[in-house]
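Engineer: test case, fold it:
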Amino acid sequence: MDLNPQDLWSSMNWIVKANTVFMICLSLYLMYVTIERFVIFRRGTRDSYRYVLALRDYLAKRKVDDALKAARVHHASPVAKVMESGLHAYKKGREALENEGPDDVGEFDLVDSVNRALERVKERETNNLRKGLGGLATVASVTPFVGLHGTVWGIMDSFSLLAEGGSIDIIGPKIAEALISTAIGLMVAIPAAMIFNYFNGRVENMVVDMNDVSSEFIDYVLQEGR
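Structural biologist: Below you'll find the model as predicted:
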């Protein structure tokens, strides 16, 4: 029998076929998450760069309203979403202090209010950025064992045929089937691990950006007064 994919598939038992289909499904999931996260990170990085440049210019000119509007325009940026919350808290806090006075607002701390608003959205955005990465880690760790499971069943079939006096022409495809199952598992797991590490690094970079811009804004709030 020729060792072509059609002949190998027809020679597989149902367990090995189920393993192969499962690994193909995992590879499709890997492709989906990879494309979806790549688009999200690309847009986020692009919008973050544009927004940070605009934000620094607006804050230097004390144009808080314009900075807030720009944050809403660059909605794909996690930095902009974090700053939108912080700018909104800062604006509302300043209005309360100016319209009602420090005595009326009691122990209200503008810096603390802004910082809590920034941290709240920062945590949510970090979780959003990590969406799907857990699945990639699972694919990277599970598929080698799924492939090995198929290999075990293929080798068991080979030994069964060998015990019945099967020739190499009969046993050979079963051994190939067993090895191909492991190969498929590795072909899915290796890219999944590499892509997970790459995206995880992108997330860490975006978190650093959010922390840096948030820290700069807190400095701005302190300079402007409580």
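
Engineer: now stretch 61-79: buried residues?
Structural biologist: Val64, Ala67, Leu68, Ala70, Ala71, His74, Ala76, Ser77, Pro78, Val79 (16 or more other C-beta atoms under 10 Å). Backbone N, C-alpha and C define where each C-beta goes, glycine included.

Engineer: any idea how far the fourth one is from Met206?
Structural biologist: The reference is to Ala70. Going from Ala70 to Met206 by C-beta to C-beta, to the nearest Å gives 18 Å.

Engineer: what helices or strands is the longest helix seen in the chain leaning on?
Structural biologist: The single longest helix within the chain, with elements called by DSSP state H, is helix 168-224. The elements that helix 168-224 packs onto, with contact taken as 3 or more C-beta pairs under 8 Å, 6 or more residues apart in numbering; DSSP states H and E, are helix 5-11, helix 14-60, helix 78-100, helix 110-129, helix 133-163.

Engineer: would you turn the buried residues of stretch 61-79 into TSV with pLDDT and distance to Leu97?
Structural biologist: What follows is the buried residues of stretch 61-79, written out as TSV (pLDDT from 0 to 100; distance: C-beta to C-beta, whole Å):
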residue	pLDDT	distance to Leu97
Val64	89	14
Ala67	92	19
Leu68	92	18
Ala70	93	24
Ala71	91	22
His74	92	28
Ala76	91	33
Ser77	93	29
Pro78	94	29
Val79	94	26
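
Engineer: which pair of these spans the longest distance?
Structural biologist: Largest separation among these by C-beta to C-beta: Val64 and Ala76, giving 21.8 Å.
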